[in-house]
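> Provided below are the primary sequence and the corresponding predicted coordinates.
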Amino acid sequence: MRKRLIYTILIFWVSLLFFGLAHSPISEAASDVTLTVMTFNIRVGSGMINPGTSPHKLKDSPKVLDLVAQAIKSVSPDAVGLQEVQGDDQAKTLAEALDMNYVYKRHGWDEDARWWGVAFLSKHNIIKSKSYTVYSGGDMSGRARILLACTIALKGKKITFFNTHFKDKGNALKKEPKYTIKKISKCKNPVILMGDLNAVPEDPRLKPIKEVLKDSCEAVANENSAFIKTNGTFQSPNDPKYDHWRIDYIFYDPKSFRVMEVGLIDKQYWDASDHIGYFCRMELL
């Protein structure tokens, strides 16, 4: 009789434990797909040499790619969008230093555009990439700008990243956001847009993007996000008018992602560029 009672109690507790694990609301709600995304305008690897000087005049300047790589490594991102990259060699050098896959695309083919471009680095295999011209030059001697789209597969789920560097002169900023969101809207995968958009958050020209995607820095309200909004992502010590502007962004589809954290690279790496690397950690819903 006693053995039967003990046996019955054991069955009860084992059943309760099994039922609890199998039907735990925590396990059902938890996501197994999280990623860290970073955007970084690297100023053609010239660091803070001659602040305020156009990157076009820094082609032959000394480079600090080691510091750029250290800055990126400190965040340990799954995916990085780089702007102001001086050719495929720079993109390849950084990818190898970080043990990441990469795609590089130049902005155009004319003399003013072909020497630089944007790059996408990923810890995961890049299964597809394509580039689009979001600005063909027009009023600025053919200095075109592109939008680079790269797709990765993460735990069986496809995510498409769009990386760009908007031009801030002439009619460019009136056209670039509209064309960018037009291309993004055709993508069937969860999407993330990152880049140097050369516009502050309140700029009305960013409205087409904000109507579809959400600004990751606005998705959380904590000390980090407050600091980023105050400090900005651009350093211009020789021109206070532009200093501390927040012009580097990670936008995302709020139906596909939840932002958990945002941040800037540690201050010890701020001399890697006149832009400050910005990142966010997010969960795929």
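Thanks, I have the structure now. Keep in mind the model is a prediction, meaning the values are calculated, not measured.
> Point out the other helices and strands that the helix or strand containing E84 packs with.
Secondary structure from DSSP states H and E places E84 in strand 79-85. If contacts are counted by 3 or more Cβ pairs under 8 Å, 6 or more residues apart in numbering; DSSP states H and E, strand 79-85 sits against strand 34-41, helix 87-98, strand 117-122, strand 157-165, strand 191-196. The way it works is simple: take the backbone N, C-alpha and C, and place the C-beta from them, glycine included.
> how distant is whichever helix or strand comes after the third one from the center of its chain?
This means strand 117-122. Downstream of strand 117-122, the first helix or strand assigned by DSSP H and E is strand 126-135. Strand 126-135 sits 15 Å away from the centroid of its parent chain (Cα atoms, centre = their mean, to the nearest Å).
> want to try CSV for the helices and strands packed on strand 79-85, with mean pLDDT and mean neighbour count as columns?
Formatted as CSV, the helices and strands packed on strand 79-85 follow (pLDDT from 0 to 100; neighbours: other Cβ atoms under 10 Å):
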stretch, mean pLDDT, mean neighbour count
strand 34-41, 98, 24
helix 87-98, 98, 18
strand 117-122, 98, 26
strand 157-165, 97, 23
strand 191-196, 98, 26
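> Correct me if wrong, but K59 is in a helix.
No: applying DSSP: H, G, I helix; E, B strand; the rest coil, one finds K59 to be coil, outside a helix.
> In contact with the closest residue to D239 other than its chain neighbours, which residues?
Among residues not flanking D239 along the chain, G52 sits closest, at 5.6 Å (Cβ to Cβ, 6 or more residues apart in numbering). The neighbours of G52, taking Cβ atoms under 8 Å, 6 or more residues apart in numbering as the test, are 236, 238-239.
> repeat that for 10 Å
G52 sits next to 236-239, 242, 274 when contact means Cβ atoms under 10 Å, 6 or more residues apart in numbering.
> how near is V80 to H124?
Counting by Cβ to Cβ, to the nearest Å, the gap from V80 to H124 is 12 Å.
> what about the two, which has more around it?
Under the neighbour definition other Cβ atoms under 10 Å, V80 and H124 were set side by side, and V80 has more, 28 against 15.
> roughly how far apart are that one and K57?
The spacing between V80 and K57, counted by Cβ to Cβ, is 26 Å.
> what do you get for K123?
Applying Cβ to Cβ, the value for K123 to K57 is 34 Å.
> if you count what's nearby, which of these two comes out ahead?
Comparing K123 with K57 by other Cβ under 10 Å, the one with more neighbours is K123, at 17 against 11.
> Just give the nearest non-adjacent residue to that one, would you?
Once flanking residues are discounted, K123 sits nearest to D78: 5.1 Å by Cβ to Cβ, 6+ apart.
> Wait, G263 touches I250, no?
No: with contact defined as Cβ atoms under 10 Å, G263 does not count as touching I250 (11.1 Å).
> tell me, what's touching these two both at once?
With Cβ under 10 Å, 6+ apart, G263 and I250 have common neighbours 38, 217, 278-280.
> Of all pairs in those, which one is the farthest apart?
For these, the farthest-apart pair by Cβ to Cβ is M38 and C217; their separation is 13.2 Å.
> shared neighbours, these two?
Common neighbours of M38 and C217 (Cβ under 10 Å, 6+ apart) are 248, 250, 263, 278, 280.
> Just say helix, strand or coil for the last one.
Recorded secondary structure, C280: strand (three-state DSSP).
> what's near enough to touch it?
By Cβ under 10 Å, 6+ apart, C280 lies in contact with 35-39, 77, 192, 194, 216-217, 219-220, 224-225, 249-250, 252, 257, 259-263.
> at 6 Å what do you get?
Residues near C280 by Cβ atoms under 6 Å, 6 or more residues apart in numbering: 37, 216, 250, 259, 262.
> Thank you, goodbye.
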